[in-house]
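J.: sequence first, predicted model second:
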Amino acid sequence: MLLRVNATELQRQRERAAMTPYKLAKESGLPINAIYRLENGTTKLTNHLRAREIAKALHCKVEDIFIVKKGA
């Protein structure tokens, strides 16, 4: 299942957690360039498993940052 990222909210949640993009990448197990692409809007959709790991690292709900893509 693909989820649409709310890039502004992702960045806000990361900053609220006092994390750099690098630390979020490390904590979520994702490549740093994936975090950059999600935050700058280059990547609009991501896999629900990646979304779960990001939310877990930020101690928030997936729904706080990602939106279920209609028809997915």
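T.: Noted; the coordinates are in hand.

J.: contacts, neighbours, all on C-alpha from now
T.: Noted.

J.: I'd say I67 and L3 touch.
T.: Yes - using C-alpha atoms under 8 Å, I67 is in contact with L3, at 5.4 Å.

J.: neighbour-wise, which of the two wins?
T.: L3 (22 against 15; other C-alpha atoms under 10 Å).

J.: residues near the residue nearest to G29 when sequence neighbours are not counted, how many?
T.: Setting aside the residues directly before and after it, G29 is nearest to E53 in space (C-alpha to C-alpha, 6 or more residues apart in numbering), at 7.5 Å. Per other C-alpha under 10 Å, the neighbour tally for E53 reads 18.

J.: I'd assumed K26 was in contact with E53.
T.: No - E53 lies out of contact with K26 (C-alpha under 8 Å); the separation is 10.6 Å.

J.: how many residues are close by H59?
T.: If we define neighbours as other C-alpha under 10 Å, then H59 has 12 of them.

J.: any idea how far it is from K44?
T.: Distance, H59 to K44, using C-alpha to C-alpha, to the nearest Å: 22 Å.

J.: returning to what we had before: next SSE downstream of the helix or strand the residue nearest to G29 falls within?
T.: Assigned by DSSP states H and E, E53 belongs to helix 48-58. Counting by DSSP H and E, the next helix or strand C-terminal to helix 48-58 is helix 62-65.

J.: I'd like to know which elements that following helix is packed against.
T.: Here helix 62-65 touches helix 7-16, helix 48-58, going by 3 or more C-alpha pairs under 8 Å, 6 or more residues apart in numbering; DSSP states H and E.

J.: let's have the ones you listed in TSV, adding distance to Y22.
T.: Listed next are these as TSV, based on distance: least, C-alpha to C-alpha, whole Å:
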stretch	distance to Y22
helix 7-16	11
helix 48-58	12
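
J.: please consider this matter closed, and thank you.
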